[in-house]
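J.: Starting from these lines, generate the structure:
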Amino acid sequence: MHLSLLSKKFSTNSRVESFFFLDKLYSVQVLCTQMPAGFTIRFDPSSGMPAIRQIADNLRVLLVENKLAPGAALPPVRRLAIELGVHFNTVAEAYRQLATEGWLDLKHGRGAWVIERSAPQVVPNWMDQFRSQLRGLIAQMRANGAGAEEIASELRSMAKVVTSL
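T.: Numbering: from 1, shown residues only. Presented below is the predicted three-dimensional model:
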């Protein structure tokens, strides 16, 4: 079967590459955007996880690890939405969630800024809740084919990051 290439589009900011053929559409997407100081937000539209959660989780990791320090400006909602290929309300909601958690200061028309966050109140039984969630994630990893040693290695590397903060 002969397929003719009709168009090829590239976006330098979000590294999206799409190829359109006469009788089929093939699309290869790697969606990410550069944050201040060169950090990256990754978004996988095929993961099954809601886009809002992926964006908020990526930002939260950067915030918890102090890679986005107080005073840092986040990209404007519309720019980040365009670069990730999502609706601007998706990014706005992720920003609002982080503002509710005390990470961001949102000013309409002026952007989102990282603020100093006071320590949250410890929730009773938080360790039990965390342990239950972690067991669920490990079970999901095993169900998706990850081996016990691979999971243990990943947990050890994450523990190193946590203890170095």
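
J.: any idea which residue sits dead centre in this protein?
T.: With distances taken as Cα atoms, centre = their mean, the residue of the chain nearest its centroid is residue 58 (3.1 Å).

J.: For stretch 88-104, report the contacting residues that lie outside it.
T.: 51-53, 55-56, 59-60, 63, 74, 77-78, 80-81, 84, 105-106, 112-115, 117-118, 120 (Cβ atoms under 8 Å, 6 or more residues apart in numbering). Heads up, the C-betas are built off the backbone N, CA and C, glycines and all.

J.: Take the residues you listed and keep only those in strands.
T.: 105, 106, 112, 113, 114 (DSSP state E).

J.: May I ask which two of the residues you listed are separated the most?
T.: Farthest pair in the ones in strands among the contacts of stretch 88-104 (Cβ to Cβ) is 106 and 114. Separation: 11.1 Å.

J.: So for these two, which sits in the more crowded spot?
T.: Ranked by neighbour count (other Cβ atoms under 10 Å), residue 106 and residue 114 place residue 114 first, with 21 against 17.

J.: ok, now how distant is the spatially closest residue to the more buried one that is not a sequence neighbour from residue 104?
T.: When the adjacent residues along the chain are set aside, residue 114 lies closest to residue 72, with 4.5 Å between them (Cβ to Cβ, 6 or more residues apart in numbering). Separation of residue 72 from residue 104 (Cβ to Cβ, to the nearest Å) stands at 10 Å.

J.: Give the residue from these two that has the larger number of neighbours.
T.: Per other Cβ under 10 Å, whichever of residue 72 and residue 104 has more neighbours is residue 104, with 24 against 18.

J.: ok so, going back, wait, isn't the residue nearest to residue 114 in contact with residue 111?
T.: No - using Cβ atoms under 8 Å, residue 72 is not in contact with residue 111; the gap is 10.7 Å.
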